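J.: what would the 3D arrangement of this be:
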Amino acid sequence: DIGTESYTFSFTIRDSPTYFINAQSWGREEYIRSLSESFRVGDCVTIENPLIQSKEAEREEKFNPVTPSGYKLLLSENHSVVKTSSCYDTDTRLLSLLHLPVKNPQDYYSLGDIVANGQSLHGRVLNMLAAVMAVSE
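T.: Model (predicted):
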């Protein structure tokens, strides 16, 4: 709707070392805030009723992890549901996926690389590898 604010939340899910896909949701602030607080990195989730869309690689992969899929999941406030589950109890193979990066190890810059080569990197979009200590508003 024109004149209303829209919020977005994006994340990447994986169920094997090779296959992972980006998911994106748009909606009201309350919905997006609730969705983003409903699970954490490392949680197992079940996604019900996502819309499967072809991704626009040039545009979308600039700000999302590159995935091996030509598709993305679009979650709708009115039709989709994301549920957390205790799948580790039934499928321990998922535990090995927790620490796998979604990027090729040669396809990122460390913070040290950026500090050392900042001038030559000015204006470029980069992939970074860093540990996140906290996230807040």
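J.: from now on I want contacts and neighbour counts done on CA atoms only, so please keep to that.
T.: Noted.
J.: quick check: longest helix of this structure.
T.: Counting residues, the longest helix in the chain under DSSP state H turns out to be helix 111-121.
J.: what's the following helix or strand after the lowest-mean-pLDDT helix or strand in the chain?
T.: In the chain, no helix or strand scores lower on mean pLDDT, DSSP states H and E than helix 57-60, which sits at a mean of 67. Later in the chain than helix 57-60, the nearest helix or strand by DSSP states H and E is strand 71-75.
J.: which other residues reach the next helix or strand after that next one?
T.: Per DSSP H and E, the first helix or strand lying C-terminal to strand 71-75 is strand 81-85. For strand 81-85, the external contacting residues (C-alpha atoms under 8 Å, 6 or more residues apart in numbering) are 35, 38-39, 43-50, 75.
J.: give the pairing partners of strand 81-85; include direction for each.
T.: Strand pairing for strand 81-85, determined by DSSP bridges: strand 44-48 (antiparallel).
J.: quick revisit: gap between the longest helix of the chain and the chain center?
T.: Relative to its chain's centre, helix 111-121 lies at 25 Å (C-alpha atoms, centre = their mean, to the nearest Å).
J.: average model confidence for it?
T.: The average of the pLDDT scores along helix 111-121 is 87.
J.: now stretch 34-52
T.: 91.
J.: and it, which residues are buried?
T.: Neighbour counts over stretch 34-52 (16 or more other C-alpha atoms under 10 Å) mark 35, 43-45, 50 as buried.
J.: check these and tell me the two furthest apart.
T.: 43 and 50 (18.3 Å; C-alpha to C-alpha).
J.: residue furthest from the geometric center of this protein?
T.: residue 119 (28.9 Å; C-alpha atoms, centre = their mean).
J.: how much space between it and residue 113?
T.: Applying C-alpha to C-alpha, to the nearest Å, the value for residue 119 to residue 113 is 11 Å.
J.: how about residue 7?
T.: 33 Å.
J.: run a quick neighbour tally on residue 23.
T.: 20 (other C-alpha atoms under 10 Å).
J.: need the three-state assignment for residue 36.
T.: Classification of residue 36 using DSSP: H, G, I helix; E, B strand; the rest coil returns helix.
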